[in-house]
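Novice: Requesting a structural model of the entry that follows:
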Amino acid sequence: MKHETILVLGGNGLIGNFLSSLLMKSGHHLVIIDKEPCEGDSLRAACGNLYSNLEIIVSDVRSDDINDIYSSGDAIIFALPESACLDVLASKAHFMKDEVKIINTCSIQSSFFKHAKTFLPNNPLVGINFMFSPTLPYQGRAVALVKEEESEAYTMMKNLIEYNEMVVFEFDPHRHDEKVSLVQALPHILMLSLISVLGEKHDFSIKEIMQLSPPPMQMMLCLSARLTQNSPDVYWDIQKFNPYSEKIRNDVIHSITNLNQIIEEDCFQDFSFLLKNHEEVLGESLNELKVKCNRYFNSQ
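Specialist: Sure thing, here's the model as predicted:
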């Protein structure tokens with residue numbers, strides 16, 4: 001892998017820090033730009049003896065004081081919330097060279113690609129979305145790699161991901177957003193709704209609910225708690241900027257409305273059909289999911 005100078009915008013965040021460590025281990029020279037001080041010593045320590053040069057600039061990525069930085073480097077990684085990414089594209093693109101590789105880590109890809117093609121039409125471009133928290137062991141986990149065409153940026157990130165034993169799933173920007181609306185937006189909607197309902201039950205504390213809950217509810221509470229580990233920006237981007245998330249929210253509303261109607265009409269046959277439909281939707285994965293569920297519950 002060719003060693004390059006890479007700017008990491010938002011390199012002190014969870015994703016930015018994770019990517020920085022992978023790139024440093026590959027021998028690249030990193031310039032991390034973040035308004036929050038980055039623990040460079042910790043990052044170097046995590047890389048052992050494999051780390052290369054590291055420069056840290058404490059600054060807002062939108063500051064005019066660092067405009068000259070954008071004309072340097074071989075690649076620029078956008079590890080920022082969606083709105084900040086689009087702001088940087090609009091205000092700093094004219095400082096960037098045509099050959100600089102553009103890599104974004106947005107949860108939503110179609111917006112970034114659209115704006116990048118407007119402001120940086122000649123730059124090699126790729127999106128990367130880690131489908132797991134970087135706090136977890138990463139070997140064997142899924143990573144979405146997003147491209148409209150083959151490019152040096154795509155090859156660079158694909159090699160990095162595969163070298164570190166993660167599994168690449170390739171999409172174009174809109175197909176990526178459609179897929180992640182199901183695996184990210186949908187569960188977040190359900191967890192947000194769960195906590196909203198529980199929050200209205202003031203005569204029942206969460207501690208009491210936990211003591212009373214069977215394993216499925218225990219798991220749902222655990223998933224709801226997990227949402228608090230990330231910044232609200234993460235979930236806001238997924239709901240606000242994904243063009244498919246509104247349809248998912250409306251589908252959830254329709255599903256609940258349909259269930260209400262079945263109960264109100266006292267139609268047990270339709271209710272049975274609803275449950276039977278679970279088997280058809282889950283298909284060949286049904287038994288595997290049952291085994292996983294039992295394993296999770298038995299470990300509690």
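
Novice: pull the helix or strand with minimum mean pLDDT from this protein.
Specialist: helix 40-46 (a mean of 63; mean pLDDT, DSSP states H and E).

Novice: Check which element follows that one along the chain.
Specialist: Moving toward the C-terminus from helix 40-46, the next helix or strand (DSSP states H and E) is strand 54-58.

Novice: List the pairing partners of that following strand within its sheet, with orientation.
Specialist: Strand pairing for strand 54-58, using DSSP bridges, gives strand 29-34 (parallel).

Novice: Please enumerate residues in contact with the partner strand?
Specialist: 3-13, 16, 20, 23-24, 38, 40, 52-59, 61, 66, 69, 72-73 (C-beta atoms under 8 Å, 6 or more residues apart in numbering). To be clear about C-beta, it is placed using only N, CA and C from the backbone, and glycine gets the same treatment.

Novice: Next step: those residues restricted to helices.
Specialist: Among the contacts of strand 29-34, DSSP state H puts 16, 20, 23, 24, 40 in helices.

Novice: now the first one: how far from residue 207?
Specialist: Distance from residue 16 to residue 207, counting by C-beta to C-beta, to the nearest Å: 36 Å.

Novice: neighbour count winner among those two?
Specialist: Neighbours per residue (other C-beta atoms under 10 Å) separate residue 16 from residue 207, with residue 16 holding more: 23 against 8.

Novice: so that one makes contact with residue 8?
Specialist: Yes - the pair residue 16 / residue 8 is scored as a contact, 5.4 Å apart, by C-beta atoms under 8 Å.

Novice: quick one: common contacting residues for these two?
Specialist: By C-beta under 8 Å, 6+ apart, the residues touching both residue 16 and residue 8 are 32, 77, 79.

Novice: Quickly name whichever of those is closest to residue 107.
Specialist: residue 79 (11.6 Å; C-beta to C-beta).

Novice: how many neighbours does that closest one have?
Specialist: 28.

Novice: What pLDDT is listed against the nearest residue to it once chain neighbours are set aside?
Specialist: Distance criterion C-beta to C-beta, 6 or more residues apart in numbering; nearest residue to residue 79, sequence neighbours excluded, is residue 16 at 3.2 Å. Listed pLDDT for residue 16 reads 93.

Novice: need the contact list for residue 16.
Specialist: Counting by C-beta under 8 Å, 6+ apart, the residues that residue 16 touches are 8, 9, 10, 32, 34, 77, 79, 105.

Novice: can you check residue 15 too?
Specialist: 79, 105, 130, 134.

Novice: Out of these, list just those in helices.
Specialist: Going by DSSP H, the helices hold none of those.

Novice: which one of those residues has the most neighbours?
Specialist: The contacts of residue 15, ranked by neighbours (other C-beta under 10 Å): first place residue 79, 28 neighbours.

Novice: Any buried residues in the lengthiest helix in the chain, and which?
Specialist: Scanning the chain for the longest helix, with DSSP H as the assignment, gives helix 245-264. For helix 245-264, a neighbour-count test (16 or more other C-beta atoms under 10 Å) marks 245, 248, 262 as buried.

Novice: And for stretch 261-280?
Specialist: Here stretch 261-280 shows residue 262 as buried, counting by 16+ other C-beta under 10 Å.

Novice: where does this structure have low pLDDT?
Specialist: 1-2, 39-52, 300 (pLDDT under 70).

Novice: ok, now which ones touch the most centrally placed residue in it?
Specialist: In the chain, the C-alpha nearest the mean C-alpha coordinate belongs to residue 107, at 4.4 Å (C-alpha atoms, centre = their mean). When contacts are counted by C-beta under 8 Å, 6+ apart, residue 107 touches 82, 129, 180, 184, 234, 237, 238, 241, 242.

Novice: Now render those as JSON lines, adding secondary structure.
Specialist: Listed next are the contacts of residue 107 as JSON lines, based on DSSP: H, G, I helix; E, B strand; the rest coil:
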{"residue": "82", "secondary structure": "helix"}
{"residue": "129", "secondary structure": "strand"}
{"residue": "180", "secondary structure": "helix"}
{"residue": "184", "secondary structure": "helix"}
{"residue": "234", "secondary structure": "helix"}
{"residue": "237", "secondary structure": "helix"}
{"residue": "238", "secondary structure": "helix"}
{"residue": "241", "secondary structure": "coil"}
{"residue": "242", "secondary structure": "coil"}
